[in-house]
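Undergrad: Based on what follows, work out the 3D shape:
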Amino acid sequence: MSGSNVWARSRDRLRRFPELLTQCGAEAAAYGKCVSATTTTGTQELRKGLCAREFEALKRCFVSAAKKSVK
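TA: The predicted structure is shown next:
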């Protein structure tokens, strides 16, 4: 496997990210609100698992959107 192919695939995925994000706006907003709420409670520290449910919803949306947009 050529190293340049790996970078080309990575660049292609990154170029699609804005399109996928627009398809998952509600999930991204919910995750962002959770992160914001957990870091404004005085500790300013985000710990693993605090927004796991919202993150999983966003991840599922991205995967679903990516599958739909595969050429």
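Undergrad: Every contact and neighbour count from this point should use C-alpha atoms.
TA: Will do.
Undergrad: what's the least confident helix or strand in the chain by mean pLDDT packed up against?
TA: Least confident helix or strand of the chain, by mean pLDDT, DSSP states H and E, is helix 3-23 with a mean of 81. Contacts defined by 3 or more Cα pairs under 8 Å, 6 or more residues apart in numbering; DSSP states H and E place helix 3-23 against helix 52-69.
Undergrad: Recalculate using a threshold of 10 Å.
TA: helix 25-39, helix 52-69 (3 or more Cα pairs under 10 Å, 6 or more residues apart in numbering; DSSP states H and E).
Undergrad: And the contacts of it?
TA: Helix 3-23 is touched from outside by 24, 27, 28, 58, 61, 62, 63, 64, 65, 66, 68, 69, with contacts defined as Cα atoms under 10 Å, 6 or more residues apart in numbering.
Undergrad: can you do 8 Å?
TA: 28, 61, 62, 65, 66 (Cα atoms under 8 Å, 6 or more residues apart in numbering).
Undergrad: so which of these comes closest to residue 46?
TA: residue 28 (16.6 Å; Cα to Cα).
Undergrad: if I read this right, residue 58 contacts residue 24, doesn't it?
TA: Yes: with contact defined as Cα atoms under 8 Å, residue 58 counts as touching residue 24 (6.9 Å).
Undergrad: Pull the number of nearby residues for the residue lying closest to residue 61 once chain neighbours are set aside.
TA: Nearest residue to residue 61 in three dimensions, chain neighbours excluded: residue 24, at 6.0 Å (Cα to Cα, 6 or more residues apart in numbering). By other Cα atoms under 10 Å, 19 other residues sit near residue 24.
Undergrad: can you pull the contacts of residue 24?
TA: Residue 24 neighbours (Cα under 8 Å, 6+ apart): 58, 61, 62, 65.
Undergrad: re earlier: buried residues, the least confident helix or strand of the chain. List them.
TA: Of all the residues in helix 3-23, those buried under the rule 16 or more other Cα atoms under 10 Å are 20, 21, 23.
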